[in-house]
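Peer 1: Sequence first, then the predicted structure, then my questions.
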Amino acid sequence: MQVRPGTEADLGPLTDIYNHYVRETAVTFDTVSFLPEERRPWLLSHPEDGPHRLMVAQRDKSGILGYATSSPLRPKPAYATSVEVSVYLAPDAGGRGVGTLLYEALFDALAGEDLHRAYAGIALPNEPSVRLHERFGFRHIGTYAEVGRKFQRYWDVAWYERPLGPAD
């Protein structure tokens, strides 16, 4: 397996992975699937350098197993040294260490950036995601109760944070 920065050639498979979570889970609060062209601005907002990255796990030429991103936490300038991170895996890729490899590559890539904190929101219940984030030093800082409605029910979102930068 190879972990590398995402490219425009990955747009279709990355959209397919994300759409699985849109249609089948409450992991994302998007409720309508995307066409690849609709996801292009998202992909282009994650260049190969800088604080906003996209790392892709690929199994030889046979397909993408998942991806991890760091994205702006909020649009206001004072938030510039904080990022929100996430991992999405292909439906058959869970439990094989792909998320761990993706986060290792992502945090290695971010090590030289001017960043102070990483945040992750986890729609509950999602024990595999909680375990992954705790393994990477994230700590629970609070939960938004019933903050999102999808599939005719309300979902809680737990928030986790991790220090970044020279004090890691």
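Peer 2: Sure, I can see it.

Peer 1: What are the boundaries of the strands in this structure?
Peer 2: Assigned by DSSP state E, the strands in the chain fall at 2-5, 54-59, 63-72, 82-89, 117-123, 139-150, 153-163.

Peer 1: As TSV, those with mean neighbour count would be great.
Peer 2: In short, each C-beta sits where N, CA and C put it, glycine included. Output for those, formatted as TSV (neighbours: other C-beta atoms under 10 Å):
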stretch	mean neighbour count
strand 2-5	15
strand 54-59	21
strand 63-72	21
strand 82-89	21
strand 117-123	20
strand 139-150	12
strand 153-163	16
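
Peer 1: what pLDDT, on average, does stretch 44-52 get?
Peer 2: Average pLDDT, stretch 44-52: 93.

Peer 1: Show me which positions of that stretch end up buried.
Peer 2: The neighbour-count check on stretch 44-52 (16 or more other C-beta atoms under 10 Å) flags 46, 51-52 as buried.

Peer 1: cool, stretch 90-105 as well?
Peer 2: By neighbour count, with 16+ other C-beta under 10 Å as the criterion, the buried positions of stretch 90-105 are 90, 93, 98-99, 101-103, 105.

Peer 1: out of those, who's nearest His140?
Peer 2: Nearest to His140 among the buried residues of stretch 90-105, counting by C-beta to C-beta, is Tyr103 at 17.0 Å.

Peer 1: List the contacts of that closest one.
Peer 2: For Tyr103, the contacting residues are 68, 85, 87, 132, 136, by C-beta atoms under 8 Å, 6 or more residues apart in numbering.

Peer 1: Quick one, which of the strands of the chain gets closest to Phe29.
Peer 2: Across the strands of the chain, closest to Phe29 is strand 139-150 (C-beta to C-beta), at 4.3 Å.

Peer 1: Can you list the neighbours in contact with the closest one?
Peer 2: Residues from elsewhere that reach strand 139-150, judged by C-beta under 8 Å, 6+ apart: 26, 29, 31, 123-124, 154-162.

Peer 1: do the same with stretch 26-44
Peer 2: Surrounding stretch 26-44, the residues in contact under the criterion C-beta under 8 Å, 6+ apart are 6, 8, 10-12, 14-15, 18-19, 21-23, 54, 88, 123, 126, 129, 148, 150-151, 155.

Peer 1: change it to 7 Å
Peer 2: With contact meaning C-beta atoms under 7 Å, 6 or more residues apart in numbering, stretch 26-44 is reached by 6, 8, 11-12, 14-15, 18-19, 21-23, 54, 123, 126, 148, 150-151, 155.
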